[in-house]
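Undergrad: fold the stuff below for me.
(chains A and B)
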Amino acid sequence: MFDDLSDLYQQVILDHCKKPRNFHEIPGATCSAHGHNPLCGDNLKLFLTIDGDRIQDAAFVGSGCCISKASASLLTESVKGRTREEARQTFDKVREMVTTGKVQDGVGKLAVFAGVYRFPARVKCAILAWHALVAALEDPGKSVTTEDEQT
Amino acid sequence: MSAIVNNPASSTRRGAASSSSTAGEVNWAELRKDFPILDQKIHGKPLIYFDNAATSQKPQAVLDALRHYYERDNANVHRGIHELSNRATAAYEAARARTAQFIHARSPEEIVFTRGTTEAINLVAHSWGMANLKSGDVILLTEMEHHSNLVPWQLIAQRTGARVVYVPLRSDENVLDLDRIDALLAGNVKFFSMVHISNSLGTVNPVADLCARARKRGIVTLVDGAQSAGHMPVDVQAIGCDFFAFSGHKICGPTGIGVLYGRQDLLDAMPPYQGGGEMILSVAYDHTEFKKAPHRFEAGTPDISGPVGLHAAMDYLDRIGRDRIWKHDQELAAYAQERLSALNGVRLFGPKTGRAGVVSFLLKDVHAHDVVMLADQAGIALRGGHHCTQPLMHKLGVESTARASFYFYNTREEVDRLVEVIREIQKFFAV
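TA: Residues are numbered from 1 along each chain as shown, chains lettered A, B, ... in the order given. The predicted structure follows:
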């Protein structure tokens, strides 16, 4: 019945939304940020442990739709071990991907979100955790909402 | 013919409203043919429109009235000498008189046209509120208000020093805690603004009783009728409210037109809300004399086609009969409630009995937005989110719900289809 949605709700996404990875707080995290989508009520808090320039650990807590939870879950897996600059570059690639459908090198598993661009109302769900990541890196403790930016 | 409303030839006629509510059954399925928009497929499936609490669809009679106005009668109102201006003015004022009749106001002078319910409430909050509220006064609301009957009062409270207090919700039953009303009204309450039907819960509040209790204490009342005016017979004198607000677009009329009913003596004593043309008697560089209500509150060229379309919508609804529409809404909601509560993993919100045509629900472990997205793929238009009632959602301990809201063109078969699709959604997300 929902064949047209198979692009959006890929198995990897369904799996991560039902069983989100790194779904916990990090006591004593180096930095954190809060992401909020006021339209949906999606709320998540992202925690990062950074050693020098490298992200050693990433985790999140919160609630939201399937897309936003799966996105946060895959984000935490994706950024572990990356430098701040690499994480920032990944954000740019993910944003490009979910708004245009273009998949760039180096996004790995995150490519499952390429189908989101066909559903404009869900782009904000997919990008919420990534906005929280950038806030945690640049302005720890900040709250970001999906209404601050075009995407 | 069996359907009393569905004849396209007669549906373009105006002013045939009084033939409603007599003998005969309504052929609801036939009525759907009056709504061109309903006859289409969404993602390859027949459209099932269950988002009527957000806005209703428009019958051909309303579309025809709008077209006729712009093709034949369009001009500015209240200022022209020429024929078209006379016609436009007559149509505009006829709509006002029809609106007064629709909600049983004492006279057309008690009807102010606004952009919608939100602007009507803002008008009262600014005009009446700024003139009458002071520090220490209490504005009483309920915990189930839409943001449109909450935020304007918070803004006025900030400006005047008044406080906003809420009649609590009994969370178990999703109805107002009526045992608390009198104690709350005994506070320093100056204004009591309440929603007639909750857009999130489908709860129907006993507004006549609430207004009577307020009136005994000299408290001014407003009823937010956005969800009630087009769904049930409304008599503002029987309710006994001082103000009543509703929107055209939720009752088969166009967007951009709404109604504020205000008791004549209150409106006459209220200062203007906005200044400009149309609302003045005479203007000098240092002084202006204003028209009486309702024109005092209609600054600038108004929406003229809006009232014309609203007039056609009110005629259309009353040809069916709002008593019949109300019965249909309630039967459909009760049926949906029964079928959905029989499913595993479905949490229903709202009162157990007597609900309006609004059914909010959540599926276990599936976010409301995912439910709405998948339902859309099956051609079903639901609403997912906080429904502009964030404090209520917080009180209920949820962030959002999925909501099906009905109108007279919806059928039991459509509810059956919703239940079938919800089962499919549960399968889709099953672990």
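Undergrad: quick one: low-confidence ranges for chain A?
TA: Counting by pLDDT under 70, the low-confidence segments of chain A come to A:147-151.
Undergrad: quick check: residues of it near chain B?
TA: Within chain A, the positions adjacent to chain B are A:1-2, A:4-5, A:8-9, A:14, A:18, A:39-43, A:63-67, A:119, A:121-122, A:125 by C-beta under 8 Å from any C-beta of the partner chain. (Each C-beta comes from the backbone N, C-alpha and C, glycine too.)
Undergrad: which residue comes closest to the residue in chain A positioned nearest to chain B once chain neighbours are left out?
TA: As assessed by C-beta to the nearest C-beta, chain B sits closest to residue A:41 within chain A, at 3.2 Å. Among residues not flanking residue A:41 along the chain, residue B:399 sits closest, at 3.2 Å (C-beta to C-beta, 6 or more residues apart in numbering or on different chains).
Undergrad: how about that neighbour, what does it touch?
TA: Applying C-beta atoms under 8 Å, 6 or more residues apart in numbering or on different chains to residue B:399 gives the contacts A:40, A:41, A:42, A:43, A:63, B:386, B:393.
Undergrad: what values do phi and psi take at the closest residue to the fifth one other than its chain neighbours?
TA: The reference is to residue A:63. Spatial nearest neighbour of residue A:63, chain neighbours left out: residue A:43 (5.9 Å); criterion: C-beta to C-beta, 6+ apart. Backbone torsions of residue A:43, given as degrees, to the nearest 10, read phi -140, psi 130.
Undergrad: and residue A:43, how many neighbours?
TA: Counted with other C-beta atoms under 10 Å in any protein chain shown, the neighbours of residue A:43 add up to 18.
Undergrad: which stretches of the stretch 301-431 of chain B form helices?
TA: B:305-320, B:322-341, B:368-377, B:390-396, B:412-429 (DSSP state H, counting those that start in this stretch).
Undergrad: tabulate those helices (JSON lines), appending distance to residue B:262, mean neighbour count and mean pLDDT.
TA: As requested, the helices of the stretch 301-431 of chain B are arranged in JSON lines below (distance: least, C-beta to C-beta, whole Å; neighbours: other C-beta atoms under 10 Å in any protein chain shown; pLDDT from 0 to 100):
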{"stretch": "helix B:305-320", "distance to residue B:262": "17", "mean neighbour count": "26", "mean pLDDT": "98"}
{"stretch": "helix B:322-341", "distance to residue B:262": "22", "mean neighbour count": "19", "mean pLDDT": "97"}
{"stretch": "helix B:368-377", "distance to residue B:262": "37", "mean neighbour count": "24", "mean pLDDT": "95"}
{"stretch": "helix B:390-396", "distance to residue B:262": "27", "mean neighbour count": "18", "mean pLDDT": "92"}
{"stretch": "helix B:412-429", "distance to residue B:262": "38", "mean neighbour count": "18", "mean pLDDT": "97"}
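Undergrad: can you lay out the ones you listed as TSV showing distance to residue B:248?
TA: Putting the helices of the stretch 301-431 of chain B into TSV (distance: least, C-beta to C-beta, whole Å) gives the following:
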stretch	distance to residue B:248
helix B:305-320	4
helix B:322-341	15
helix B:368-377	26
helix B:390-396	25
helix B:412-429	25
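Undergrad: adding distance to chain A, write these out as a markdown table.
TA: Output for the helices of the stretch 301-431 of chain B, formatted as a markdown table (distance: least, C-beta to the nearest C-beta, whole Å):
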| stretch | distance to chain A |
| --- | --- |
| helix B:305-320 | 28 |
| helix B:322-341 | 18 |
| helix B:368-377 | 4 |
| helix B:390-396 | 7 |
| helix B:412-429 | 5 |
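Undergrad: residue B:154 is nearest to which of these?
TA: helix B:390-396 (10.6 Å; C-beta to C-beta).
Undergrad: quick one: distance of the closest one to the chain centre.
TA: Counting by C-alpha atoms, centre = their mean, to the nearest Å, helix B:390-396 is centred 21 Å from the centre of its parent chain.
Undergrad: can you give me the helices in chain A?
TA: Counting by DSSP state H, the segments of chain A that form helices are A:11-18, A:66-79, A:84-100, A:123-138.
Undergrad: dump the ones you listed into JSON lines; add mean neighbour count as well.
TA: Output for those, formatted as JSON lines (neighbours: other C-beta atoms under 10 Å in any protein chain shown):
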{"stretch": "helix A:11-18", "mean neighbour count": "18"}
{"stretch": "helix A:66-79", "mean neighbour count": "26"}
{"stretch": "helix A:84-100", "mean neighbour count": "18"}
{"stretch": "helix A:123-138", "mean neighbour count": "24"}
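Undergrad: in chain B, what residue is nearest chain A?
TA: For chain B, C-beta to the nearest C-beta, closest residue to chain A: residue B:399, 3.2 Å.
Undergrad: check contacts around residue B:287.
TA: So residue B:287 contacts nothing (C-beta under 8 Å, 6+ apart).
Undergrad: specify the beta-bridge partners of it.
TA: Beta-bridge pairing for residue B:287 (DSSP bridges): residue B:284.
Undergrad: distance-wise, check it relative to residue A:67.
TA: Plainly put, residue B:287 is 60 Å away from residue A:67 if you go by C-beta to C-beta, to the nearest Å.
Undergrad: circling back: among the helices of the stretch 301-431 of chain B, which comes closest to residue B:60?
TA: Of all these, helix B:305-320 comes closest under C-beta to C-beta, at 9.2 Å.
Undergrad: now do the closest one against helix B:322-341, angle only.
TA: 80 degrees (axes from the mean of the first three to the mean of the last three C-alpha atoms, to 10 degrees).
Undergrad: select from the contacts of residue B:399 every entry located in strands.
TA: Among those, DSSP state E puts A:42, A:43, A:63 in strands.
Undergrad: including distance to residue B:101, could those go into TSV?
TA: Output for the ones in strands among the contacts of residue B:399, formatted as TSV (distance: C-beta to C-beta, whole Å):
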residue	distance to residue B:101
A:42	46
A:43	48
A:63	49
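Undergrad: out of those, who's nearest residue B:320?
TA: Among the ones in strands among the contacts of residue B:399, and counting by C-beta to C-beta, the member closest to residue B:320 is residue A:42, at 40.6 Å.
Undergrad: quick check: closest non-adjacent residue to residue B:225.
TA: Leaving aside its sequence neighbours, residue B:225 sits nearest to residue B:246 (C-beta to C-beta, 6+ apart; 4.2 Å).
Undergrad: so residue B:155 belongs to a helix, correct?
TA: Yes - the assignment for residue B:155 is a helix, going by DSSP: H, G, I helix; E, B strand; the rest coil.
Undergrad: ok, it - contacts?
TA: Applying C-beta under 8 Å, 6+ apart to residue B:155 gives the contacts residue B:125.
Undergrad: per-residue confidence at it?
TA: We have a pLDDT of 98 for residue B:155.
Undergrad: weed out the non-buried ones from the residues of chain A next to chain B.
TA: For these, a burial check counting by 16 or more other C-beta atoms under 10 Å in any protein chain shown picks out A:2, A:5, A:8-9, A:14, A:18, A:39-43, A:64-67, A:119, A:122, A:125.
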